[in-house]
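**Q** Got a predicted structure here, sequence first:
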Amino acid sequence: MNDQFKALVLSQENGKVEHQIRQLTVDDLPEGDVLVAVKYSSLNYKDCLAVAGRGKIVRQYPMVPGVDLTGEVLSSESPDFSPGDQVLLTGWYVGERYWGGYTQQARLKSEWLIPLPEGLAGLNAMAIGSAGLTAMLCVMALEDQGVVPDQGPILVTGASGGVGGVAVALLAELGYAVSAVTGNRDNDDYLYQLGATEIVSRTELERPAQPLESQRWAGAIDTVGGEVLARLLAEMKYGGTVAATGLTGGSELHTTVMPFILRAIKMVGVEVTTCPVPQRKKAWARLARELPDDLLKQIFKVVSLEEVPLFAERLLDGQVNGRVVVDVTL
Ligand SMILES: NC(=O)c1ccc[n+]([C@@H]2O[C@H](COP(=O)([O-])OP(=O)(O)OC[C@H]3O[C@@H](n4cnc5c(N)ncnc54)[C@H](OP(=O)(O)O)[C@@H]3O)[C@@H](O)[C@H]2O)c1
């Protein structure tokens with residue numbers, strides 16, 4: 001039980017965040033009622049900020065980052081889980097306030113865990129990860145507001161990123177016409193392969209907007225915020241809905257009430273970290289059913305724990321398409 005295992009550990013010295021692969025034993029792990037042999041984690045935007053020591057993501061050091069994980073229960077004091085169970089964790093501030101998934105073993109609170117959904121392999125669950133779960137929650141938010149495919153195209157911003165890529169694939173699979181916004185036109189082929197019907201240059205969306213522009217979008221999934229969100233609000237069709245979930249382009253939003261009061265548009269916030277369990281189980285079940293394996297395969301690549309810092313920098317620099325799975329056993 002006290003065998004050593006590998007983890008990526010962040011520490012802070014004189015205000016500078018450092019990362020190191022360390023050998024730990026279970027005695028080093030924080031409290032919790034379930035011990036999990038982690039197989040896969042993933043790299044989300046938040047994880048990249050944490051590993052790079054940016055953005056005040058990590059609340060205390062030392063910290064094992066990684067907001068997502070999947071693996072097998074080794075031992076459990078909870079009646080809800082038994083050794084051998086395959087489990088999945090996304091969010092709950094794991095990897096921020098509590099030790100996360102960049103480790104071969106993790107001691108966790110049972111209320112953070114859900115069983116790995118029927119028909120979903122651990123690798124695919126992490127290819128989806130918090131980013132893909134967010135994309136599904138955004139799609140569900142549009143559906144809840146009555147957005148259906150024959151109303152017109154859905155705009156997805158930050159389309160070559162993790163949330164955006166899964167959103168494009170899901171929407172296309174559900175029969176929507178998808179207009180994918182990207183800052184890098186080298187991504188066109190990738191986005192068409194995911195099912196985009198049209199590619200829109202980010203610069204086009206960054207232009208200052210009049211309070212009301214020509215009506216273009218029946219719905220939008222926005223991962224970018226800032227100027228792009230301000231413009232797309234002005235371009236929404238009458239009655240359209242925007243699911244807002246990100247801020248890679250800025251957290252400020254300068255807009256007017258005009259599209260809301262003259263075109264009855266709606267903006268819905270989507271939050272994934274503490275999303276209630278029934279909603280997350282529903283979203284995961286849909287992801288397992290509705291995201292085809294062959295599409296998912298195009299979205300992710302697999303890296304080792306040792307490669308996490310390099311890929312975190314690359315992702316923050318916009319050099320990585322789609323999702324990054326971390327196989328902690330490599
Ligand atoms: N991953 C999650 O679990 C999760 C959950 C909820 C919310 N979010 C939020 O959603 C956003 C995207 O997360 P992600 O994991 O998809 O990140 P990501 O994989 O890094 O993708 C972000 C994408 O945004 C675009 N982008 C980058 N810099 C930009 C800029 N300055 N202005 C406008 N667009 C820019 C790029 O797409 P193009 O090159 O195609 O333009 C990039 O690929 C973040 O703000 C994140 O906090 C993420």
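**A** Nice, I can see it. Residues are numbered from 1 along each chain as shown.
**Q** Grab the nearest non-local neighbour of residue 59.
**A** Distances taken as C-beta to C-beta, 6 or more residues apart in numbering place residue 97 nearest to residue 59, at 4.7 Å, with adjacent residues excluded. C-betas here are computed from N, CA, C, even on glycine.
**Q** can you check residue 99 too?
**A** Excluding its sequence neighbours, the residue lying closest to residue 99 (C-beta to C-beta, 6+ apart) is residue 64, at 4.0 Å.
**Q** swap in residue 108?
**A** For residue 108, the spatially nearest residue (C-beta to C-beta, 6+ apart) is residue 32, at 4.6 Å.
**Q** Who are the contact partners of the one you found?
**A** 106-110 (C-beta atoms under 8 Å, 6 or more residues apart in numbering).
**Q** Three-state assignment for it, please.
**A** Of the three states, residue 32 takes coil under DSSP: H, G, I helix; E, B strand; the rest coil.
**Q** So this protein: which segments form each domain?
**A** 5-116+296-327, 130-269 (automatic domain parsing).
**Q** With distance to the ligand and mean pLDDT as added columns, please give these in TSV.
**A** Formatted as TSV, the domains of the chain follow (distance: least, C-beta to the nearest ligand atom, whole Å; pLDDT from 0 to 100):
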stretch	distance to the ligand	mean pLDDT
domain 5-116+296-327	4	96
domain 130-269	2	97
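**Q** wait, isn't the residue nearest to residue 59 in contact with residue 56?
**A** No: at 11.9 Å, residue 97 does not count as touching residue 56 under the criterion of C-beta atoms under 8 Å.
**Q** okay, those two: which has more neighbours?
**A** Higher neighbour count among residue 97 and residue 56: residue 97, with 13 against 9, using other C-beta atoms under 10 Å.
**Q** Helices of the chain, start to end?
**A** 45-51, 122-144, 162-173, 188-194, 202-206, 226-234, 258-263, 277-290, 293-299, 308-316 (DSSP state H).
**Q** Which of those has the highest mean neighbour count?
**A** Greatest average neighbour count among the helices of the chain goes to helix 162-173 (a mean of 28), per mean count of other C-beta atoms under 10 Å.
**Q** List the buried residues of stretch 193-200.
**A** For stretch 193-200, burial by neighbour count (16 or more other C-beta atoms under 10 Å) applies to 194-197, 199-200.
**Q** Show only the entries of the residues you listed found in strands.
**A** 199-200 (DSSP state E).
**Q** Mind putting the buried residues of stretch 193-200 into TSV with distance to residue 220?
**A** As requested, the buried residues of stretch 193-200 are exported to TSV (distance: C-beta to C-beta, whole Å):
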residue	distance to residue 220
194	17
195	16
196	14
197	15
199	15
200	11
